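Engineer: Got a predicted model here, sequence first, then my questions.
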Amino acid sequence: YNQMKSLIGITTILTISLSAQAQNFDQLLNSVLSNNQAVASSRYANESELLNLKSENNLPDPEVEVEYQWGRHEVGDKFDINVSQGFDWPGVYRARGKAIATASRAMEFLDRSNYIDKKLEIKLLFIDIINARKNISLLKSRIGIMDELIDKYTHGQERGELTILDINKIKIERAKLNNSLSSIESDYEMLCSTLVGENGGKECNSLIEQLNEYPDDMILPVDNYEMMLTENNPMNNYSSLMSQSQAQMVQAEKLSRLPGFTLGYHHSWEDGDVFNGLVVGMTLPFFSTRHKVKAAKAMQQSLAYQEESVASQLHATMMGNRNKALSLHRQLDSYGKALGNDDNARLLKMALDGGQISILDYLGEMAYFLEARQDYLDLQYRYNQALAELNKYTLVTE
């Protein structure tokens, strides 16, 4: 109970700390999820599997037999009707019912897990789009500077200020930037098309226009994540409940080795006389249940190992993502301080206009600072990817 209160407190603090941008980001995620067909498909697939389990706990269909035999004229004909219903040992149905009820609860957690997985997938797609837009904006600004230089120094070359070779160097640098821009824009268009697919085929241009900044997420203490994995991780709950369900199914298979029964009504008409009676039968499952208990126990053991494996893998993934996010955050902080306010392009332009550096020096320095800025954007991108995966189980599930 105390752990649950602590988890609620953690979630409340996290929610309060989110900015309006982060809240808007989550709204955009929910908008796409509401149109996503994969989420609905997964839910119905799980429902179908559960209904199949329930169908296995039904009574067999009643059997109706009609028999008519022709005899010699002096003997007469014979007419029989048999109606019968078979069923297993009564305790089998109750045991299977418990197993199915537990499996039903497990399926609910599986639905939630699939929902969270899809939400993370779409969130990572949003982050891809934001990264592409930031890189496109950066390259366009640099290309704009190159266009200004080409326009300015083309006229300057006419007055003998620059050589044709100098002008060509600027044009070559501009062409390189344009090639990089074309490549990123191509990737960006592919990402936008993927988002349309995730959005149920509906256009989402207005949504994409709002994807300007990354979500305002944070790195929480290790204890908080470990508690989330225990209390707020539907995959753990699913594995645990499926293991319990299989243990109950083992009991059902043991009971199924007990005799089954058949009850029926028999009506017979022969030589003008009518006979009515009951039919009682017993099924001795010597052969049909062979190895079923062993198979159920083997499955139970498999699910128990799977439960332990899922828990350990999720913990290892969480620690890996947290360490990765912390490392990237330190690199971002260091890089951000070194880049300052990214005023280098303006300062270089002033130095060039003042004659303090040559056009060749200017182009070299611009390329250097562009690469540094792109490296910084790449760090931002990878940091937000790691942070999204780390905070997977803080995503709202409903």
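Structural biologist: Noted; the coordinates are in hand.

Engineer: can we go C-alpha only for contacts and neighbour counts from here?
Structural biologist: OK.

Engineer: show me the contacts for Asn35.
Structural biologist: With CA atoms under 8 Å, 6 or more residues apart in numbering as the criterion, the residues that contact Asn35 are 198-200.

Engineer: What is the nearest of the residues you listed to Arg322?
Structural biologist: Glu198 (27.7 Å; CA to CA).

Engineer: hang on, that closest one packs against Val39?
Structural biologist: No: distance between Glu198 and Val39: 9.9 Å, which falls outside the contact criterion (CA atoms under 8 Å).

Engineer: Which residues are in contact with each of these two?
Structural biologist: A shared contact of Glu198 and Val39, defined by CA under 8 Å, 6+ apart, is any residue touching both; here these are Leu33.

Engineer: that older thread, of the contacts of Asn35, buried ones?
Structural biologist: Those of these that meet the buried threshold are 198-199, by 16 or more other CA atoms under 10 Å.

Engineer: Quick one: the contacts of Asn35 as TSV, columns for distance to Thr230 and secondary structure too.
Structural biologist: Converted to TSV, the contacts of Asn35 look like this (distance: CA to CA, whole Å; DSSP: H, G, I helix; E, B strand; the rest coil):
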residue	distance to Thr230	secondary structure
Glu198	30	helix
Asn199	32	coil
Gly200	33	coil
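
Engineer: what about the spatially closest residue to Gln248 that is not a sequence neighbour, neighbour count?
Structural biologist: Taking CA to CA, 6 or more residues apart in numbering as the measure, Gln248 lies nearest to Ala99, with 5.1 Å between them; neighbours along the chain are not counted. A total of 25 residues lie near Ala99 under the criterion other CA atoms under 10 Å.

Engineer: Using TSV, lay out the contacts of Asn35 together with distance to Leu28 and pLDDT.
Structural biologist: TSV is the format used below for the contacts of Asn35 (distance: CA to CA, whole Å; pLDDT from 0 to 100):
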residue	distance to Leu28	pLDDT
Glu198	12	91
Asn199	11	90
Gly200	14	88
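
Engineer: Let me know the average pLDDT across stretch 88-105.
Structural biologist: For stretch 88-105, the mean per-residue pLDDT is 85.

Engineer: And stretch 216-225, by the same measure?
Structural biologist: 87.

Engineer: Just the buried positions in that stretch, please.
Structural biologist: Here stretch 216-225 shows 217, 219, 225 as buried, counting by 16+ other CA under 10 Å.

Engineer: correct me, but the first one touches Glu389?
Structural biologist: No: between Asp217 and Glu389 there is no contact under CA under 8 Å: 11.0 Å.

Engineer: re earlier: tell me the one among the buried residues of stretch 216-225 nearest to Leu263.
Structural biologist: Each of the buried residues of stretch 216-225 was scored against Leu263 by CA to CA, and Tyr225 proved nearest at 58.0 Å.

Engineer: now that closest one, nearest residue through space, not along the chain?
Structural biologist: By the measure of CA to CA, 6+ apart, the closest residue to Tyr225 outside its immediate chain neighbours is Met318, 7.5 Å from it.

Engineer: Lys202 too?
Structural biologist: The nearest residue in space to Lys202 (CA to CA, 6+ apart) is Val196, at 5.8 Å.

Engineer: SS state for that neighbour?
Structural biologist: Following DSSP: H, G, I helix; E, B strand; the rest coil, Val196 is assigned to helix.

Engineer: For Asp223, see how far away it is.
Structural biologist: As for Val196, its distance to Asp223 is 38 Å (criterion: CA to CA, to the nearest Å).

Engineer: Same question for Phe87.
Structural biologist: Distance check for Phe87 against Asp223: by CA to CA, it reads 52 Å.

Engineer: Strands along the stretch 251-398 of the chain, start to end?
Structural biologist: 260-270, 273-283 (DSSP state E, counting those that start in this stretch).

Engineer: Determine which stretch of those is the most buried.
Structural biologist: Taking mean count of other CA atoms under 10 Å as the contact definition, the stretch among the strands of the stretch 251-398 of the chain with the greatest mean neighbour count is strand 260-270, which reaches a mean of 16.

Engineer: residues making contact with that strand?
Structural biologist: The set of residues that contact strand 260-270 without belonging to it, under CA under 8 Å, 6+ apart, is 76-89, 274-285.
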